[in-house]
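Undergrad: here you go, sequence then predicted model.
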Amino acid sequence: MNVDPPRSSPPRHQLTGRQTRARGPWRPSAWWPPVAALILAVLALGSLSACSGSDRTSDPTSPTVRQPDFNQADTGFVLAAGQHLGRTLTAAQLAQTASDNPRVQAFARDVIQLKRRQVDQVAAWLDQWGRHGADFGHDSHLDSTAEPGDGLTDATLSRLATVSGPRFDSMFLTTLTAHLDAGAAIWDAEAATGRNPAATELARRLVVEEADLARRARAALVP
């Protein structure tokens, strides 16, 4: 019996608008695997740990292992940030092929450059903290930071994947602005109540960075 060789996954962050249309409707797991797949993995890891009662932390006496320092606010932050940043990156990637406006394309390139690094950082925290017993399975932070209806919802991202030109530009910039504005609640909460120094520093940086991106998106809406 002939067996088809396994299909390799597309490189991280290198999916194009043309590929999106060929693959059908937008799906979170297809667009930002570094976060979406890892969120599912650490949720399963947390549930498994809770059921077994096993201690996943490393031996604190070992000189080669450093226990990551985080609290429940930090774990909620990385889950919410993973979704938020992944959606931002997805929309900007779509703009690279769907927009005909050089100004919008240049803006999208800047967004991609910023968000790639942040998505990778959040994915690393999800993996590392999950392996050290982080309770991702019982966090309600995502429910309290739901995507606004006029932001980058699943439905909006699906529609963005099917339009182009000026229509895409208007929808992309308008929904991205609402999305970035909504993210401020995530960053402010982590900066105020988080314990992990690197996570709280990222949150403080995102307060300023995303406010600036929202300002640039509004400005790009003006002909």
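TA: All right, it came through fine.
Undergrad: for this structure, just list every one of the strands.
TA: Taking DSSP state E, the chain contains no strands at all.
Undergrad: just for the protein, where's the confidence low?
TA: Scanning the chain for pLDDT under 70 picks out 1-66, 137-146.
Undergrad: show me where it has its helices.
TA: Remark: helices assigned in the chain by DSSP state H are 17-23, 28-31, 33-52, 72-98, 102-131, 141-144, 154-160, 165-193, 197-221.
Undergrad: and the angle from the longest one to helix 72-98?
TA: Taking axes from the mean of the first three to the mean of the last three C-alpha atoms, to 10 degrees, helix 102-131 and helix 72-98 form an angle of 150 degrees between their directions.
Undergrad: in helix 102-131, what's buried?
TA: By 16 or more other C-beta atoms under 10 Å, the buried positions in helix 102-131 come out as 104-105, 107-108, 111-112, 114-116, 118-119, 121-123, 125-126, 129-130. Using the backbone N, CA and C atoms, a C-beta is placed for each residue, glycine as well.
Undergrad: counting by contacts, list what it packs against.
TA: Judged by 3 or more C-beta pairs under 8 Å, 6 or more residues apart in numbering; DSSP states H and E, helix 102-131 is in contact with helix 33-52, helix 72-98, helix 165-193, helix 197-221.
Undergrad: ok, back up a step: winner for burial among the helices of the chain?
TA: Among the helices of the chain, ranked by average contacts under mean count of other C-beta atoms under 10 Å, first place goes to helix 72-98 (a mean of 24).
Undergrad: which strands and helices lie in contact with that one?
TA: The contact analysis (3+ C-beta pairs under 8 Å, 6+ apart) places helix 72-98 against helix 17-23, helix 28-31, helix 33-52, helix 102-131, helix 141-144, helix 154-160, helix 165-193, helix 197-221.
Undergrad: let's have these in TSV, adding distance to Pro68.
TA: TSV is the format used below for the helices and strands packed on helix 72-98 (distance: least, C-beta to C-beta, whole Å):
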stretch	distance to Pro68
helix 17-23	35
helix 28-31	26
helix 33-52	13
helix 102-131	6
helix 141-144	18
helix 154-160	31
helix 165-193	15
helix 197-221	9
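Undergrad: and of those, who's closest to Ala73?
TA: helix 165-193 (4.1 Å; C-beta to C-beta).
Undergrad: nearest to Phe136, of the helices and strands packed on helix 102-131?
TA: Across the helices and strands packed on helix 102-131, closest to Phe136 is helix 33-52 (C-beta to C-beta), at 4.6 Å.
Undergrad: what about Pro102, distance to Gly194?
TA: 39 Å (C-beta to C-beta, to the nearest Å).
Undergrad: how about Arg215?
TA: 25 Å.
Undergrad: likewise for Phe107?
TA: For Phe107, the distance to Gly194 - C-beta to C-beta - is 29 Å.
Undergrad: show me what contacts the closest residue in space to Ala182 that isn't next to it in sequence?
TA: Once flanking residues are discounted, Ala182 sits nearest to Pro148: 4.9 Å by C-beta to C-beta, 6 or more residues apart in numbering. By C-beta atoms under 8 Å, 6 or more residues apart in numbering, the residues touching Pro148 are Ala178, His179, Ala182.
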